[in-house]
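In: I need the structure of the sequence given here:
(2 chains)
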Amino acid sequence: KAGVTQTPRYLIKTRGQQVTLSCSPISGHRSVSWYQQTPGQGLQFLFEYFSETQRNKGNFPGRFSGRQFSNSRSEMNVSTLELGDSALYLCASSRDKEYNEQFFGPGTRLTVL
Amino acid sequence: AQTVTQSQPEMSVQEAETVTLSCTYDTSESDYYLFWYKQPPSRQMILVIRQEAYKQQNATENRFSVNFQKAAKSFSLKISDSQLGDAAMYFCAYCRLSGTYKYIFGTGTRLKVLA
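Out: Numbers count the residues shown, from 1 in each chain, chains lettered A, B, ... in the order given. Below you'll find the model as predicted:
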């Protein structure tokens, strides 16, 4: 069974631009969560989608948004990029609402110049 | 609000020795899961071990075991017979079973294994 995939793996953007990151969960997994990982802050929860609905949201500004499609693939969008948005963005999928193990993708390394 | 604290930013252990990574958490919930995740330098995060709060018995997975003290809200990870491949960032995580679904991670402990 294929694992969680994320594209692109690396991105370089400049301040003010916007970016879209993609995540394909493991087949059969309906829950997709997004995290921002930085050296100082560790992993911070962005949001979680389940069956195309945002079920939970972390404490990030409205510039961070996401969506989930009917095939469970998810996208995350960051608008008006700031230098502080430079981070590794991790996507994780899990089977359903039973709080099972999360399977993580390799991440997208975003650098904002 | 729930919090997870890992007070050891970095730890070192000699190959074949045993090391314990600490984690404390704060919650008013009675039912939840606790996890230890490993993130090797290649960045793919993988689950090491999971503990259900309602289980008194400490979870064990081969060389990895936990010391779960529910009353003290402590969840430490013991790695026995450490191997070079154990070198990684280790994250403690909490997930409650009621209400909205959200994982909370600690800030991580970097484990170095010395040959």
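In: OK, contacts around residue 24?
Out: Unless you meant another one, I'm taking chain A. A:4-6, A:73 (CB atoms under 8 Å, 6 or more residues apart in numbering or on different chains). C-beta coordinates here come from the backbone N, C-alpha and C atoms, glycine included.
In: To clarify, I was referring to chain B.
Out: B:4-5, B:7, B:72-75.
In: which residue packs closest to B:Leu111, ignoring adjacent ones?
Out: B:Met11 (5.3 Å; CB to CB, 6 or more residues apart in numbering or on different chains).
In: I figured that neighbour hits B:Ser22, correct?
Out: No: using CB atoms under 8 Å, B:Met11 is not in contact with B:Ser22; the gap is 9.2 Å.
In: How about the contacts made by A:Gln44?
Out: A:35-38, A:58-60, B:105.
In: Would you mind checking the residues you listed for buried ones?
Out: For the contacts of A:Gln44, a burial check counting by 16 or more other CB atoms under 10 Å in any protein chain shown picks out A:35-37, A:58, A:60, B:105.
In: nearest spatial neighbour of A:Gly66, skipping sequence neighbours?
Out: Spatial nearest neighbour of A:Gly66, excluding adjacent residues (CB to CB, 6+ apart): A:Met76 at 4.6 Å.
In: Is that neighbour bridged to anything, and to what?
Out: A:Leu21, A:Gly66 (DSSP bridges).
In: right, and it touches A:Tyr89 too?
Out: Yes: using CB under 8 Å, A:Met76 is in contact with A:Tyr89, at 6.7 Å.
In: circling back to that earlier point, with pLDDT, secondary structure and distance to chain B as new columns, can the contacts of A:Ser24 be given to me in CSV?
Out: Below are the contacts of A:Ser24 laid out as CSV (pLDDT from 0 to 100; DSSP: H, G, I helix; E, B strand; the rest coil; distance: CB to the nearest CB, whole Å):
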residue, pLDDT, secondary structure, distance to chain B
A:Val4, 95, coil, 9
A:Thr5, 96, strand, 11
A:Gln6, 97, strand, 10
A:Arg73, 97, coil, 19
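In: So which of the residues you listed is the closest to B:Glu52?
Out: Nearest to B:Glu52 among the contacts of A:Ser24 is A:Val4, at 23.6 Å by CB to CB.
In: for the closest one, what are its contacts?
Out: For A:Val4, counting by CB under 8 Å, 6+ apart, the contacting residues are A:23-26, A:91-93, A:103-105.
In: and chain B, which of its residues are near chain A?
Out: Residues of chain B lying close to chain A by CB under 8 Å from any CB of the partner chain are B:33, B:35, B:37, B:42-47, B:50, B:91, B:95, B:97, B:100-108.
In: how close does B:Leu34 get to chain A?
Out: B:Leu34 is 11 Å from chain A, where distance means CB to the nearest CB, to the nearest Å.
In: Let me see the confidence value for that residue.
Out: Reported pLDDT at B:Leu34 in the predicted model: 94.
In: Then B:Ala59?
Out: 94.
In: if we can go back for a sec, common neighbours of B:Met11 and B:Ser22, please.
Out: Both B:Met11 and B:Ser22 are in contact with B:Thr109, where contact means CB under 8 Å, 6+ apart.
In: Could you list the low-pLDDT ranges of chain B?
Out: Applying pLDDT under 70 to chain B picks out residues B:98-101.
In: Find the centremost residue of it, please.
Out: Taking CA atoms, centre = their mean as the criterion, B:Trp36 is the residue nearest the geometric centre of chain B, at 3.2 Å.
In: That residue is in contact with B:Ile46, isn't it?
Out: No: the criterion here is CB under 8 Å, and B:Trp36 misses it with B:Ile46 at 10.2 Å.
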